[in-house]
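**Q** okay, here's the prediction I keep looking at, along with the sequence it came from:
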Amino acid sequence: MNAEASAAFSLLSAQAVRERAHQMLALGLDDRLANFRIDLGRLDKAVDLVVATTRRAYRSFDVPFHSRWRHFLCNGEDRWASLDKTANRRDGAARARSAFDLAVVSVLLDAGAGPQWRYRDPVSGNGFGRSEGLALASLAMFSRGGFSSNPDEPLQADAAGLMRLSDDALQKGLQVSTSNPLVGAEGRAALLRRLGALAAANPDVFARNDRPRPGGFFDHLAALAADGKIPAPLILSELLRRFGPIWPSRLTLGGVPLGDCWRHPAIVTSDATTDLVPLHKLSQWLAYSLIEPLQQAGFAVTDINGLTGLAEYRNGGLFIDTGVLSLRDATDAGREHAVASVLVVEWRALTVALLDRLADATRRRLNMDEIALPLAKVLQGGTWSAGRGIAHQLRPDGSPPIKVISDGTVF
């Protein structure tokens, strides 16, 4: 392996995300960032909001992990659990593969919907936007075999079914129309087709015990377990290494795709990774979402706090809307910004580092430790809902405080 490729692989980890994010925070605290000022004196306001939000949702503080599975709960019904019961599984591994199929596809579709899109749920008759709507829409497509090539096995997403997924079929499943536009709809369909092609081309990872499918990644992880234990950061690093080629037209280093990784001139290192800031939002969201299927299959997932917070607009919006972060140029709030812009890279990296600070402060407030209240529960309780809540208080449409141009594959 050449030096550049080795350096690239060092960025494909939660540790790299955390280290670069805290490097960005240190620059900000020294007032050396181009776009943001930081006021840690306002962090208590964010903690107040997170604690209050968590108490409302989980009075006993019995908070589940932040994951895609929470979005399949609708009107008190766990839609996935109900669907899963109808399946005739051969064994626990078959169940886990199906759950992995759903989690992978649903998370990859969950990259921000925009303020106008809504999914009309045919079961309840209610409309759902953003993450909840995308979750229910993807689950409905999954239940109908929308990602499967085998009519007799609808509850799967296999390589052949994904590769043949058309833009029209996905848009129909997500109820996209001129009056119900979804940001980056074509980009999502292309992403899933690339996922199918990746699974087909790598049977050693995705077809150990079944036809090529994203759910085959379960068997890959199971083979890496030691004494029935799988560290959560290993889930992420394997996701980043094995799924990296599906991401569109992004940075590579030494021939290695870097995924959700961007440039910022203030991040300086002594190797080929200088000015690179890994964030891996969707991949970490997926890593969190694979924990429960692994646990249900009998594996112990360890070091869950080794994963980081998610660099997305609800968590990031929380810090702007509570005043922890402020724009140097207030007019930037009225402009649209590319995902690769220095401003957005700063915002997302600061979000990751500040989530660590907020989680520590929240635990101190509640007299709880990392075991009782890991970051995954702070996010769920928590920061994401608090960010959404304050956004709706401050802006009628609940939009984030910074407008980001998305292609549907970031957030």
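**A** Thanks, I have the structure now.
**Q** hey, where'd the helices end up in the stretch 301-411 of the chain?
**A** Taking DSSP state H, counting those that start in this stretch as the test, the helices found in the stretch 301-411 of the chain are 313-321, 342-366, 375-378, 384-394.
**Q** give the buried residues for the third one.
**A** Of the residues in helix 375-378, 375, 376, 377, 378 count as buried by neighbour count, 16 or more other CB atoms under 10 Å. C-beta coordinates here come from the backbone N, C-alpha and C atoms, glycine included.
**Q** could you check how far the nearest residue to the last one once chain neighbours are set aside is from residue 194?
**A** Leaving aside its sequence neighbours, residue 378 sits nearest to residue 359 (CB to CB, 6 or more residues apart in numbering; 4.5 Å). As judged by CB to CB, to the nearest Å, residue 359 and residue 194 stand 34 Å apart.
**Q** could you do residue 128 as well?
**A** 27 Å.
**Q** got any ranges where this structure has weak pLDDT?
**A** Scanning the chain with the threshold set as pLDDT under 70 gives 249, 407-411.
**Q** those strands in it, which residues are they?
**A** 36-38, 73-74, 77-78, 118-120, 127-129, 229-231, 252-253, 256-257, 261-263, 276-278, 300-302, 325-327, 336-338, 403-405 (DSSP state E).
**Q** coming back round to it: and residue 359 and residue 194? which has more neighbours close in?
**A** residue 359 (24 against 18; other CB atoms under 10 Å).
**Q** I figured residue 89 hits residue 97, correct?
**A** No - here residue 89 does not reach residue 97: they are 9.4 Å apart, not a contact under CB atoms under 8 Å.
**Q** ok, these two, which is more surrounded?
**A** Shown here are residue 89 and residue 97; by other CB under 10 Å, residue 97 has more neighbours (27 against 14).
**Q** distance of the closest residue in space to the more buried one that isn't next to it in sequence from residue 130?
**A** Distance criterion CB to CB, 6+ apart; nearest residue to residue 97, sequence neighbours excluded, is residue 215 at 3.3 Å. Residue 215 sits 26 Å away from residue 130, going by CB to CB.
**Q** out of those two, which sits in the more crowded spot?
**A** residue 215 (29 against 19).
**Q** list the contacts for that one?
**A** When contacts are counted by CB atoms under 8 Å, 6 or more residues apart in numbering, residue 215 touches 96, 97, 98, 99, 100, 101, 104, 156, 157.
**Q** mark which of the residues you listed are part of helices, please.
**A** Among the contacts of residue 215, the ones falling in helices (DSSP state H) are 96, 97, 98, 99, 100, 101, 104.
**Q** of these, closest to residue 32?
**A** residue 104 (38.9 Å; CB to CB).
**Q** burial count for residue 94?
**A** 19.
**Q** spit out the contact partners of it.
**A** residue 210.
**Q** relative to residue 221, how far out is it?
**A** With CB to CB as the criterion, residue 94 and residue 221 are 15 Å apart.
**Q** got JSON lines for the helices of the stretch 301-411 of the chain, with distance to residue 256 too?
**A** As requested, the helices of the stretch 301-411 of the chain are exported to JSON lines (distance: least, CB to CB, whole Å):
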{"stretch": "helix 313-321", "distance to residue 256": "27"}
{"stretch": "helix 342-366", "distance to residue 256": "20"}
{"stretch": "helix 375-378", "distance to residue 256": "27"}
{"stretch": "helix 384-394", "distance to residue 256": "30"}
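**Q** so which of those comes closest to residue 10?
**A** Closest among the helices of the stretch 301-411 of the chain, using CB to CB: helix 342-366, at 16.7 Å.
**Q** okay, buried residues for the closest one please.
**A** 342-359, 361-363.
**Q** contacts only, for the residue nearest to residue 378.
**A** 309, 373, 375, 378.
**Q** rerun that using 10 Å as the cut-off
**A** Taking CB atoms under 10 Å, 6 or more residues apart in numbering as the criterion, residue 359 is in contact with 47, 50, 305, 309, 370, 373-379, 382-383.
**Q** re earlier: which of the strands of the chain sits most buried?
**A** Ranked by mean neighbour count under mean count of other CB atoms under 10 Å, these are led by strand 276-278, which reaches a mean of 27.
**Q** ok, that one: who's next to it in the sheet?
**A** strand 261-263 (antiparallel) (DSSP bridges).
**Q** circling back: return the closest of the ones in helices among the contacts of residue 215 with respect to residue 395.
**A** residue 104 (32.4 Å).
**Q** ok, that closest one touching residue 156?
**A** No - checked against CB atoms under 10 Å, the pair residue 104 and residue 156 is beyond contact range at 11.1 Å.
**Q** what touches both of these two?
**A** 147, 213, 214, 215.
**Q** so what does the second one have for phi and psi?
**A** Here is the backbone geometry of residue 213 (degrees, to the nearest 10): phi -160, psi 150.
**Q** contacting residues for it?
**A** 97-98, 100-101, 104, 147-149, 153, 156-162, 195-196, 199-200, 206-207.
**Q** got a list of what the residue lying closest to it once chain neighbours are set aside touches?
**A** Excluding its sequence neighbours, the residue lying closest to residue 213 (CB to CB, 6+ apart) is residue 158, at 4.2 Å. Contact partners of residue 158, counting by CB under 10 Å, 6+ apart, are 97, 101, 147-150, 196, 199-200, 206-207, 210-216.
**Q** hmm, which of those are the buried ones?
**A** Neighbour-count burial (16+ other CB under 10 Å) applied to the contacts of residue 158 gives 97, 101, 147-149, 196, 199-200, 206-207, 210-216.
**Q** just the ones in helices among the contacts of residue 215 now: which is nearest residue 263?
**A** Closest to residue 263, out of all of the ones in helices among the contacts of residue 215 and judged by CB to CB, is residue 104, at 27.8 Å.
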